[in-house]
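Engineer: Sequence first, then the predicted structure, then my questions.
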Amino acid sequence: MFKEFREFAMRGNVVDLAVGVVIGAAFGKIVDSLVKDVIMPPLGFLIGKVDFTNMFVTLADGKTAGPYDTLKVAQDAGAVTMNLGMFFNSLISFIIVAFAIFMVVKAMNKLNRKPAAPEEAPVTPEEVVLLREIRDALKK
């Protein structure tokens, strides 16, 4: 059983998948930081000094009644919130990751594309060949 497991784990596909998962996790952290720290602050500033991380709707008050200034304060009070800003951050992160993967797959497909086979000349029907021979013979 150990031998079978070792053979399974050492297949190229499994190792490639493991490397892809590790790199994907690191890439996800980079994209998450890009969205939260680089994209959303200027976007919130342009919209009207909105902090997307604190964009939430209180569905039910917690131990202390609202309104709550920040999401952290609302969560600490035990309020039930719908975190729209966090959703926007996740949505933008997803779009960036999906676009990056699309570009990688597109590049890989371009590299793996086989050259097109040269087109063969269409075969001339035998009747046409015979008619051309007759025509050429009559011209002489």
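Structural biologist: Cool, got the structure.
Engineer: separation between residue 125 and residue 133?
Structural biologist: To residue 133, residue 125 is 13 Å away according to CB to CB, to the nearest Å. Every residue, glycine included, has its C-beta placed from N, CA and C.
Engineer: Quick check: most distant residue from the centroid of this protein.
Structural biologist: residue 140 (69.8 Å; CA atoms, centre = their mean).
Engineer: Dump the helix or strand of the chain with the lowest mean pLDDT to PDB, keeping only the CA atoms.
Structural biologist: Using mean pLDDT, DSSP states H and E, the weakest-scoring helix or strand in the chain turns out to be helix 2-9, at a mean of 76. This file holds the C-alpha atoms of helix 2-9, laid out as PDB (Å, rounded to 0.1, in the frame of the first residue of the first chain):
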ATOM      1  CA  PHE A   2       2.800   2.400   0.800                       C
ATOM      2  CA  LYS A   3       4.400   1.600  -2.600                       C
ATOM      3  CA  GLU A   4       1.200   2.400  -4.400                       C
ATOM      4  CA  PHE A   5       0.800   5.700  -2.500                       C
ATOM      5  CA  ARG A   6       4.400   6.700  -3.300                       C
ATOM      6  CA  GLU A   7       3.800   6.000  -7.000                       C
ATOM      7  CA  PHE A   8       0.600   8.000  -6.900                       C
ATOM      8  CA  ALA A   9       2.200  10.900  -5.100                       C
END
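Engineer: could you show me where the helices are in this structure, in order?
Structural biologist: For the chain, helices defined by DSSP state H occupy the ranges 2-9, 12-33, 40-48, 71-76, 84-112, 126-139.
Engineer: who are the neighbours in contact with the residue nearest the centre of the chain?
Structural biologist: In the chain, the residue lying closest to the centroid (CA atoms, centre = their mean) is residue 98, at 1.5 Å. If a contact means CB atoms under 8 Å, 6 or more residues apart in numbering, then residue 98 has no contacts.
Engineer: Please consider this matter closed, and thank you.
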